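> Predicted coordinates and the sequence they were generated for:
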Amino acid sequence: MSEERDTLSLTDEEDDEFDDESNHLAELQGTLSKWTNYIHGWQNRYIVLKEGTLSYYKSEDDTAFGCRGAVSLSRAVITPHQFDECRFDVSVNDCLWYLRAENEEERHRWIDTLEIHRQAESGYGSENSLRRHGSMLSITSGTSLSATSTSSFKRGRGLREKVAEMETFRDILCRQVDTLQSYFDACVEAMKVMGHQGVQDLEGDDIDDVDDYDTPRTHTAESKSLSEKTELECSQSQKEKDLAAVFQQHGAHAVDFKGEAFTFKATTAGIIATLSHCIELMSQREDAWRKRLEKEIDRRKRLEDAYKSARADSRKPPIVVGGPDYEEGPHCIINEDEFFDAVDASLDKLEKEEEKKRNASMLHSETPPKTSLCPSHRLYSEVNHVLNEHIKYASNGYYSEDPWTLIHEEGEMKVYKREIEQEGMVVDPIKSVHTVKGVTGHEICHYFWNVDVRMDWDTTLESSQVTEWPSSDTVISYQVHKRVWPTTQRDALFWSHLRHVPPEDDEKPDYWIVCNFSTDPPNSPPSKLVRIRLNVAMICETKIDPPAEGKKISRENITCKITYASNVNPGGWAPPAVLRAVYKREYPRFLKRFTQYVIDSTKDKPILF
């Protein structure tokens, strides 16, 4: 009994340890990236997980001023992202948090801790808490049995486990009954073998007969020995009588106890059979109710969707920008048609805004020097190589090869392309030719190169800044393009060079050329935007018709042939079909808009040959 009591005591201590472990939930806090909205994108936020509640602050220093938002994990759904190894989502009803960790290990640590808190809050304990309550505690007392049953059901234990418990109890009691029955059977057999003979001898012998003691004794020693012998026989006789009485008593009850044992076994078997039948009925009823619940959930969901749709139609809200799943990327859930419509709508909006706001300021870091590019400059060789390549192609003709495809033709304007993809990204070279009257090639190239007026005609720019003036004809510019949802915002860092290429003889044309080429200066800070890589050239040839005799050359006598070559890698990711559709629409619009801007800007000014 002492060993058994020690074992039970040790089990209670272990249960207390399990209780302490389950009650103490690990807290977790740290900085994660949280998706805010389509304008600001991912922002660092200080996240705190404590006592089943997930809350976030703008920074760790703001924890004393209250959280910006919090959700309870009791009904939360934690979903790791299918493709992004660092991202996971936490959703509670209509509230959805997009979170990103720095690496995959940190994401696993957050998800595991969130799951522990969620299980604790939802009432379903860990595996240790499920196996804490054994059958020994149930056998101890009725109160313990009730408490154990209640806690077991709270942890999701079903009636089938209870039936298994009852079968265990019945087996234990049956073994005890069999043990007692074998003991009583042994008693009965012993009474039959030795008890019956002893009882007959005792009944035939009169222990109270005094004739045995009437014979006189002559010697004192013999009298003493005879007295001791008589007392021993009397004591033994009395024990035999008591033993026989016990055998008779228990032997009489042995048959009744056996009957009670059979009755107990039959009763418990009936109870188990009844409970099994009840479980079967409850399972059938549970299936029926589950189907009804699923139908009700579907019906409610349809009604909620219809209500939300009607409410949205009545208010006529603008385009709703979604979360990061709607952003540009290989796993964007927007199809190509919707992607193109969104880009098209955003471009139209930007163009309308530019029509209202033509006077935008541009930042300058320094004034241009009055010297040409020095041969010792790091860009000297690159600038000459790139310009010579463009001049060579312009002299030989851009479109003599078969791969070029005409994609747009409008009056004197023709736009060609050649489909090329690099690592899944569309980098189609675009070549355009256009003829404009009333302006010279020098004027076209001047306005295309001049950083002071670039934001007047380029409606896609959000800002433009000169970072370096290597020479009077070369400038390094950094410009940020306006964001066109759902694409990611982009920037570009490039050098721009203006050059006059005089003819070698009277038969060859006179060229003005501007070339924009991406560069990475030393010690340049990394960009948080998607960087565009570009190689663009504007090559212009001026043709003059002889004026009437005695008259000066006017703008009516001037014609400019423009050759525009563009090879742009937009970076990031976007559907190829969408990019090609945008290129087909935007390049002709750009040429018309830019040339018209030059015509309007030079019509009242002297001709710049």
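Structure received. Numbering: from 1, shown residues only.

> In stretch 580-600, which residues are buried?
Judged by neighbour count (16 or more other CB atoms under 10 Å), stretch 580-600 contains these buried residues: 580-583, 586-588, 590-591, 594-595, 597-599. From N, CA and C alone the C-beta is placed, and that goes for glycine too.

> In CSV, list those residues along with pLDDT, secondary structure and distance to residue 190.
Listed next are the buried residues of stretch 580-600 as CSV, based on pLDDT from 0 to 100; DSSP: H, G, I helix; E, B strand; the rest coil; distance: CB to CB, whole Å:
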residue, pLDDT, secondary structure, distance to residue 190
580, 82, helix, 106
581, 84, helix, 106
582, 82, helix, 107
583, 83, helix, 110
586, 88, helix, 112
587, 89, helix, 115
588, 91, helix, 118
590, 90, helix, 117
591, 91, helix, 122
594, 94, helix, 122
595, 93, helix, 127
597, 93, helix, 125
598, 94, helix, 129
599, 93, helix, 131
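
> Would you quantify the distance from residue 57 to residue 172?
In this view, residue 57 and residue 172 are 58 Å apart by CB to CB, to the nearest Å.

> oh, I was asking about residue 62
Here the distance between residue 62 and residue 172 works out to 62 Å (CB to CB).

> picking up where we left off before, need the buried residues of stretch 580-600 in TSV with distance to residue 521, can you?
As requested, the buried residues of stretch 580-600 are exported to TSV (distance: CB to CB, whole Å):
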residue	distance to residue 521
580	32
581	34
582	30
583	29
586	29
587	29
588	33
590	27
591	30
594	27
595	32
597	30
598	30
599	35
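
> which one of those is nearest residue 71?
residue 582 (39.5 Å; CB to CB).

> Contact partners for the closest residue to that closest one other than its chain neighbours?
The shortest distance from residue 582 to any non-neighbouring residue, by CB to CB, 6 or more residues apart in numbering, is to residue 343 (6.0 Å). The contact partners of residue 343, taken as CB atoms under 8 Å, 6 or more residues apart in numbering, are 484-487, 578, 582.

> So which of these belong to helices?
Mapping the contacts of residue 343 onto helices (DSSP state H) picks out 578, 582.

> ok, the contacts of residue 343 vs residue 378, which is closest?
Nearest to residue 378 among these is residue 487, at 32.8 Å by CB to CB.

> Just confirm the closest one contacts residue 573, I think it does.
No - shown here, residue 487 and residue 573 do not form a contact pair, counting by CB atoms under 8 Å, at 9.3 Å.

> Sort out which one of the contacts of residue 343 lies nearest residue 264 for me.
Ranked by distance to residue 264 (CB to CB), the contacts of residue 343 are led by residue 486 at 75.1 Å.

> What's the local residue count around the closest one?
Residue 486 is flanked by 21 other residues according to other CB atoms under 10 Å.

> ditto for residue 478
Neighbours of residue 478 under the rule other CB under 10 Å: 19.

> same check, this time on residue 493
So residue 493, with other CB under 10 Å, has 20 neighbours.

> now the strands: where do they sit in the stretch 301-450 of the chain?
For the stretch 301-450 of the chain, the strands defined by DSSP state E, counting those that start in this stretch cover 363-364, 405-410, 413-417, 421-422, 425-426, 430-437.

> Go through those and find the least confident stretch.
Among those, strand 363-364 carries the lowest mean pLDDT, a mean of 40.

> more neighbours, residue 57 and residue 172?
Taking other CB under 10 Å, residue 57 and residue 172 do not tie; residue 57 has more neighbours (20 against 12).

> That one touches residue 69, doesn't it?
No - contact between residue 57 and residue 69 fails when scored by CB under 8 Å: they sit 9.1 Å apart.

> circling back: tell me which of the strands of the stretch 301-450 of the chain sits nearest to residue 76.
When these are compared by CB to CB, strand 425-426 sits nearest residue 76, at 37.9 Å.

> could you dump the strands of the stretch 301-450 of the chain to JSON lines with distance to residue 281?
Output for those, formatted as JSON lines (distance: least, CB to CB, whole Å):
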{"stretch": "strand 363-364", "distance to residue 281": "80"}
{"stretch": "strand 405-410", "distance to residue 281": "73"}
{"stretch": "strand 413-417", "distance to residue 281": "73"}
{"stretch": "strand 421-422", "distance to residue 281": "65"}
{"stretch": "strand 425-426", "distance to residue 281": "64"}
{"stretch": "strand 430-437", "distance to residue 281": "75"}
